[in-house]
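Asks: got a sequence here, can you build the structure:
(chains A and B)
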2 protein chains.
Amino acid sequence: MQPKGVLIIGQETRSGDRDEIRAVNPSTGEALEPTYHGGGGAEVDQACQLALEAFDHFRETGLESRASFLEAIASEIEAIGDALIERAMAETGLPRARLEGERGRTCNQLRLFAAVVRAGEWLDLRHDPALPERDPLPRADLRQRHIALGPVAVFGASNFPLAFSVAGGDTASALAAGCPVVVKGHSAHIGTSELVGAAIQRAVAKCNLPQGVFSLLFGTGAEIGAMLVADPRIKAVGFTGSRRGGQALMSIAQQRPEPIPVYAEMSSINPVFLLPEALQARGAAIADGFVGSLNLGAGQFCTNPGLLFGVKGESLDAFLAASGNALQATAAQTMLTPDIHGAYQAGVAALTDHPKVREVARGPAGEGTCQCQPALFTVDAADFLADASLQAEVFGAAALVVQCRDVDEMTRVAGQLEGQLTATLQMDDGDLAAARTLLPVLERTVGRILANGWPTGVEVCHAMVHGGPFPATSDARTTSVGSAAIRRFLRPVCYQNLPAELLPEPVRDGNPLGVTRLVDGQREG
Amino acid sequence: MQPKGVLIIGQETRSGDRDEIRAVNPSTGEALEPTYHGGGGAEVDQACQLALEAFDHFRETGLESRASFLEAIASEIEAIGDALIERAMAETGLPRARLEGERGRTCNQLRLFAAVVRAGEWLDLRHDPALPERDPLPRADLRQRHIALGPVAVFGASNFPLAFSVAGGDTASALAAGCPVVVKGHSAHIGTSELVGAAIQRAVAKCNLPQGVFSLLFGTGAEIGAMLVADPRIKAVGFTGSRRGGQALMSIAQQRPEPIPVYAEMSSINPVFLLPEALQARGAAIADGFVGSLNLGAGQFCTNPGLLFGVKGESLDAFLAASGNALQATAAQTMLTPDIHGAYQAGVAALTDHPKVREVARGPAGEGTCQCQPALFTVDAADFLADASLQAEVFGAAALVVQCRDVDEMTRVAGQLEGQLTATLQMDDGDLAAARTLLPVLERTVGRILANGWPTGVEVCHAMVHGGPFPATSDARTTSVGSAAIRRFLRPVCYQNLPAELLPEPVRDGNPLGVTRLVDGQREG
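Replies: Below you'll find the model as predicted:
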């Protein structure tokens, strides 16, 4: 199974008529076959129209058939076999084991959402029965369920060619909610995207769903994505990528005649707090763990630990030395694209040239194109606070250690941070008081707080929060990983005194779906 | 107990130093004592600073103490006694029974949220226990709860001086979530606002809460509200009012360095579909019900039925005649403010002068100032569709009946409507097929669908949705009435491998709060 160089619009495939797009093997610089042509307004219009036409049917599919559809997508992705892994390796420079793991995560994620759909809590059924005798006014019969928002635009992310791309978390949760999805695929792994898109297309057909449930568009530059977000038939947006890209989509979405929600996961430097007792007792081990997390996947994770805080002194000096040694013992890795590599080099150069920032160590330079040479820097807390640009994300394996006078200063600086996906405490028993002081500050600032671990490696489960205050995301009220992500694409509707024959099945008498309900304020089932 | 002419900032009161504000009795034009002076930047700064300082303590109050606080507010409002009702009557022109009912609703609403806080479902506790032996990678211990967003700015609405004002639904739900609240009170009922604000201030003191949990500001024009929404310490906004006002706040909130959610309930004309069988069988009774709902509170409700659809013919002609007769038999009522009355008259004049719109009837003109003379108009469906201005809300007792060729055209026009709070079906058994065709269109367009009732009269309960797609609200994913409104002011936080001593109480082992949890994906409790 090889990609054909096409866009997928419902059950059709076609070539666009705009600029050529070819994926590039980042480790060799070689352009890969086939050649794609980007789509434009005609393709956006057709995909959105099909999505709208599919919406009323798809959103009313039963729990079992919606869940089976998600499982069918997982099976179709697995059925592509090794061709998918090999194409993804060629397009991203990522190693086989990582991509096989990511495929497993992608398919498990689809199956998790199938289970979430079946459980039906997402419907949030509520029934306040009529009280005809109530004084002074009777109460009407009131029933609530959640329905899908409408067709959703999803943007594939560069750094997870499977798990945050065509069939990734945004697509899985939007489909689970009952929203048709139009994906704007990432050009960097365009062939991988087409293979996965064709798998979804087959699942749509096998499950006898309306073809508009899924389409996949490609295009160079920002134009096609902007058209998609501006289209009045699109009712929500899922995006993982840069702060600039996310903010551009937020702006388009807000300026529409009908503004729509944008779930953009954008920018995070994931502060790590090296508390004094832990740093003193096991600084070398923490340094090893840190460098392992920093360099994982060449640092190309949203949760990469890019900022550390420690109290000035011997323990921190030893930590820096140990981290520097560990960094020098790493191997350089290929970054995802020449653009990402260029941005990484520019970000590292800005830190290198910064008058207040000192370089601690660089990793080996590596050979070939797009090699990430890891970098570790340090700065004083006062200088860090004085220059907001030091909070900018450097996407890749680069980190900045902020040296504080004491834990009080560490806590004060923590209170000045922008919103983050994660914060990590490296702590021992003797650090509990300091950790208690930091905790409320971190709760106000981040989506996930870890102790004695590393933020890379985001579990797809029920309790996960992959989110956080701006600019980590555009909407701190949600998560883009884990089962709660389905809620992003739902809204409540209330039915008052509707005749039984007209009520949608989930809110009918007798609870035909057998899911949990809030009846007169009491939880049932 | 009489208003003193002050702003309330924490446990202090003070006069501002800006423009004079005096409430006006709309039925006499008389300016009421005392004279207020609006606040400015200093008052906004002080209120927001106190709110921020109160936040970490208030958001961690236990379920019982948070609930008791909400109940204490209700008791303090009731303890004001008749002085509150008399002041509200003088400021709004609304009759005693209406205001007594609204006071009951306001206090019941606070007590409903107390029950919601105690039940604890809003915490949405989730626990995915560690799986240290999992292959290939162990799973960390992951726990999730929801926490309050931060200090919230609430704007008092003109048309519900109690239930959507200082201690109204937005304030109650934000406090229930654990958010300190800074209210910008409505100048039209400034004395009523101060009395209620002082009741909340007393409840804060009696419950030994930090003073910054509540402040109440006044100011002329849009300046103080704009400053409040722009303040970086404010993390969400609740607003009920005009489309223009809501959109202005949305714009300010989006342009902040850190954008924040705005829950604006703005504009709705609440379409009513007069289906053929029902119209033929009981058109006169429907006309009576319609005019009763249209003229309730001089039409000054968000859910006022301002738009009706019927199929051209004898039944619709009879309905128009009956409605006209009923309208002429009404009594004119005083509108809330001279501004609202002026806008109503301008809206009615625009319909009167519209070349395609025909006047069906006017109610009696009334005597005195600010009298609402109800008005009923009709227009052909094609002309309605051709002029988007005919979808603009005329706040007050004015309605437009759209005459359609058949049910198909009615459905097509329904599909062109902007987002609405409600849609109503007047239907008999023979109308079921037509209603089934309309239902999905209405689900996509509105927050609440009623059969054989009228949209005015919004029940405060668990299943209510007072919301809907833009421009009915700025955020269709929520409701501003009913217990689900608490969710607007919450966000999830995940704790990974935190030592037991550091875990917040709600997510500790053994479920010390005894509330429902999702454990490894299974619902417990």
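Asks: please make it C-alpha for all contacts and neighbour counts, starting now.
Replies: Will do.
Asks: what bridges to the closest residue to residue A:398 other than its chain neighbours?
Replies: Leaving aside its sequence neighbours, residue A:398 sits nearest to residue A:375 (Cα to Cα, 6 or more residues apart in numbering or on different chains; 4.7 Å). Under DSSP bridges, the beta-bridge partners of residue A:375 are residue A:362, residue A:398.
Asks: residues near residue A:375, how many?
Replies: 24 (other Cα atoms under 10 Å in any protein chain shown).
Asks: before we move on, what about residue A:173?
Replies: Neighbourhood size, residue A:173 [other Cα under 10 Å]: 31.
Asks: list the contacts for it?
Replies: A:113, A:483, A:485-486, A:489 (Cα atoms under 8 Å, 6 or more residues apart in numbering or on different chains).
Asks: just checking: which of those also lie near chain B?
Replies: Among the contacts of residue A:173, no residue lies close to chain B (Cα under 8 Å from any Cα of the partner chain).
Asks: so which of the residues you listed belong to helices?
Replies: Counting by DSSP state H, the part of those found in helices is residue A:113.
Asks: just the helices in the stretch 351-500 of chain A please.
Replies: With helices called from DSSP state H, counting those that start in this stretch, the stretch 351-500 of chain A shows them at A:381-386, A:407-414, A:432-445.
Asks: who's in contact with the shortest one?
Replies: Contacting residues not belonging to helix A:381-386 are listed as A:356, A:390, A:402-405, A:409-410, A:413, A:416 [Cα under 8 Å, 6+ apart].
Asks: repeat the analysis, applying 7 Å as the threshold.
Replies: Applying Cα atoms under 7 Å, 6 or more residues apart in numbering or on different chains, the contact partners of helix A:381-386 are A:356, A:390, A:402-404.
Asks: again, but for the second one
Replies: Contacts of helix A:407-414 from elsewhere in the structure, counted by Cα under 7 Å, 6+ apart, are A:309, A:311, A:404, A:434, A:438, A:441.
Asks: from those, which two are the most distant?
Replies: Maximum pairwise distance among the contacts of helix A:407-414 (Cα to Cα): 17.9 Å, between A:311 and A:441.
Asks: what about the two, which has more around it?
Replies: residue A:311 (23 against 18).
Asks: can you give me phi and psi for the more buried one?
Replies: phi -90, psi 130 (degrees, to the nearest 10).
Asks: pLDDT value on it, please?
Replies: We have a pLDDT of 98 for residue A:311.
Asks: distance of it relative to residue B:107?
Replies: Distance of residue A:311 to residue B:107, computed by Cα to Cα, to the nearest Å: 51 Å.
Asks: contacts for stretch A:355-374?
Replies: A:26-29, A:295, A:298, A:320, A:324, A:327-328, A:330-335, A:337-338, A:341, A:351-352, A:375-379, A:383, A:397-398.
Asks: ok, stretch A:29-41 next?
Replies: By Cα under 7 Å, 6+ apart, stretch A:29-41 touches A:4-6, A:15-25, A:217-220, A:224, A:369.
Asks: domain ranges for chain A, per the record?
Replies: A:8-266+A:477-488, A:271-451 (automatic domain parsing).
Asks: first to last residue in the shortest one, what's the distance?
Replies: Spelled out, that is domain A:271-451. Using Cα to Cα, the end-to-end distance of domain A:271-451 comes to 12 Å.
Asks: the residue of the stretch 251-400 of chain A found nearest chain B: neighbour count?
Replies: Across the stretch 251-400 of chain A, no residue is closer to chain B than residue A:258, which sits at 5.9 Å (Cα to the nearest Cα). Neighbourhood size, residue A:258 [other Cα under 10 Å]: 16.
Asks: that one touches residue B:470, doesn't it?
Replies: Yes: between residue A:258 and residue B:470 there is a contact at 5.9 Å, judged by Cα atoms under 7 Å.
Asks: before we move on, the earlier item: give me the buried entries from the contacts of stretch A:355-374.
Replies: Buried by 16 or more other Cα atoms under 10 Å in any protein chain shown: A:26-27, A:295, A:298, A:320, A:324, A:327-328, A:330-335, A:337-338, A:341, A:351-352, A:375-379, A:397-398, out of these.
Asks: which bits of chain A sit near chain B?
Replies: Applying Cα under 7 Å from any Cα of the partner chain, we find that chain A lies next to chain B at A:56, A:126-128, A:142-144, A:258, A:436, A:440, A:443, A:447-451, A:462-465, A:470, A:476-478, A:490-498, A:502, A:521.
Asks: give me the buried entries from those residues.
Replies: Neighbour-count burial (16+ other Cα under 10 Å) is assigned, among the residues of chain A next to chain B, to A:56, A:126-128, A:142-144, A:258, A:440, A:443, A:447-451, A:462-465, A:470, A:476-478, A:490-498, A:521.
Asks: mind checking which of the residues you listed land in strands?
Replies: A:126-128, A:142-144, A:447-451, A:490-496 (DSSP state E).
Asks: how near is residue A:3 to chain B?
Replies: Residue A:3 is 31 Å from chain B, where distance means Cα to the nearest Cα, to the nearest Å.
Asks: next one, pLDDT for that residue please.
Replies: In this model, residue A:3 carries a pLDDT of 97.
Asks: once you drop chain neighbours, what's closest to it?
Replies: residue A:191 (5.4 Å).
Asks: in which helix or strand does that neighbour reside?
Replies: Residue A:191 belongs to helix A:190-206 when assigned by DSSP states H and E.
Asks: would you mark the buried spots in that helix?
Replies: In terms of neighbour count (16+ other Cα under 10 Å), helix A:190-206 has its buried residues at A:190-204.
Asks: ok, now which ones touch residue A:168?
Replies: Taking Cα under 7 Å, 6+ apart as the criterion, residue A:168 is in contact with A:106, A:162.
Asks: how many neighbours does residue A:125 have?
Replies: 23.
Asks: report the angle between the helix or strand hosting residue A:287 and helix A:407-414.
Replies: Here residue A:287, judged by DSSP H and E, is contained in helix A:276-295. Put simply, helix A:276-295 runs at 40 degrees to helix A:407-414, going by axes from the mean of the first three to the mean of the last three Cα atoms, to 10 degrees.
Asks: pLDDT (mean, whole number) over helix A:276-295?
Replies: pLDDT averaged over helix A:276-295 gives 98.
Asks: now do it: everything it contacts.
Replies: Outside helix A:276-295, the residues within contact range by Cα under 7 Å, 6+ apart are A:304-305, A:311, A:315, A:319, A:322-323, A:326-327, A:374, A:397, A:426-428, A:430-431, A:454, A:456.
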